[in-house]
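Trainee: Need a 3D model of the sequence below.
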Amino acid sequence: MELIRNHFRKVNSGIFILIVIGTSLFFVSEFHRNWKSLQSASLQIHFSGILLAFSLIMLSYVLMTIAWHVGISAFPAKWKTTIAESFAIVNTTQLTKYIPGKVWSYALQMYLLASKGVPKSYVVYINLVTSLSGVLMNFLCAPFLLLFCAKRFPYPVVLLVLFVCIAGYSSFVFFNGNMVAYCVGITNRLFQRKMVFYKLSLSTVLKIQVLVFGVNFAFAGAGCAAFYGAGFTLSGSNLALVSIGVLLADSIGFIILISPAGIGIREGIMYAVLYGVVDKNSALVLPIVLRVLSMSSDLVLGTLAYFLYHSFKIKEKTGSSDHQDF
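Mentor: Below you'll find the model as predicted:
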């Protein structure tokens, strides 16, 4: 079994390396082929747009942290996790998303929250609720935005896709607890386990949805700000198309597990969405700009979270913390 796992990890790592190499070579070749076009475009960098994009990405990460905190705080544990502790836990563990596998952050959260009496199954549940809420909401927003800009897509088709996305998203919001409880029950019976499951109330789920909407709105806004910051002209249709590309790339990059942080996947999806609709220069530059800004945001928030977590550990050792079990 261990041999099979090692082989599976090697295959995943190999596929990821091929994706990154392939995507990198594609963008390098496209930049080389279109270098004269990029030069003739006389792009003027707007640092205000770049700064706004960076700020909005940071805001989206903070709002997701708050959504996670709302979910974790709903569990009736002896000690409640403060917002500062949640910031330290989420943004420190999120740095592991650049490691292949996408489960390391969950494992670290389980370890850090074990002393607070939060079951491992609940940690996974909260991460699934927050993450899948974002993914499904992105898929819901994409066809809605298409109604305002995509003349080449028949409106009946777009409306049908929108209806399907609304049905899927609504089912998840109202029945996610029942779905997970059913899966936990099957797991307990099959493996003779006694995993504890605590279902979120509908009011808590709805609070998370409001925050996740803010996350997606901020991230789409970051894409539009980066588009302007890179020197391209914004219009009504461009705003919608860039938002669609950013949101779909973010969701698909999360779903495809072999690529840590969606590296290569998100850039490819964004390019595919934008190519042929906006000019080729925009389709090439925007994914790279957003990748640099998002990685910079991860680094800044991760560094702040690490030092915050380290300060909590120092307080715990000196006995000056109110929560000795953190």
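Trainee: ok, residue 290 - contacts?
Mentor: 53, 222-223, 226, 246, 266, 270 (CB atoms under 8 Å, 6 or more residues apart in numbering). Yep, even glycine has a C-beta here, placed from its N, CA and C like the rest.
Trainee: Quick check: phi and psi at it.
Mentor: When quoted as degrees, to the nearest 10, the phi and psi of residue 290 stand at phi -70, psi -40.
Trainee: circling back to that earlier point, quick check, nearest of the contacts of residue 290 to residue 66?
Mentor: The closest of the contacts of residue 290 to residue 66 turns out to be residue 222 (CB to CB; 17.4 Å).
Trainee: okay, and for the stretch 151-300 of the chain, where does confidence drop off?
Mentor: 151-153, 191-196, 234-237, 257-264, 276-282 (pLDDT under 70).
Trainee: and for stretch 129-149, what are the contacting residues?
Mentor: 64, 67-68, 71, 153, 155, 158-159, 161-162, 165-166, 168-169, 172-173, 176, 200, 205, 208-209, 212-213, 215-216, 220, 236-237, 240-241, 243-244, 247-248, 250-251, 254-255.
Trainee: what's the average pLDDT for that stretch?
Mentor: Average pLDDT, stretch 129-149: 86.
Trainee: Relative to the whole chain's centre, how far out is that stretch?
Mentor: How far stretch 129-149 lies from its chain's middle: 13 Å, per CA atoms, centre = their mean, to the nearest Å.
Trainee: sorry, back to before: could you list which of the contacts of residue 290 belong to helices?
Mentor: The helices, defined by DSSP state H, take in 53, 222-223, 226, 246, 266, 270 from the contacts of residue 290.
Trainee: Tabulate the residues you listed in TSV, adding columns for distance to residue 120 and neighbour count.
Mentor: Output for the ones in helices among the contacts of residue 290, formatted as TSV (distance: CB to CB, whole Å; neighbours: other CB atoms under 10 Å):
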residue	distance to residue 120	neighbour count
53	36	26
222	33	29
223	35	28
226	37	29
246	33	28
266	29	26
270	35	27
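Trainee: quick one: which of these is nearest residue 84?
Mentor: Residue 84 has its nearest neighbour among these in residue 222, at 24.7 Å by CB to CB.
Trainee: With adjacent residues omitted, what lies nearest to that closest one?
Mentor: The shortest distance from residue 222 to any residue other than its chain neighbours is 3.8 Å, reached at residue 56 (CB to CB, 6 or more residues apart in numbering).
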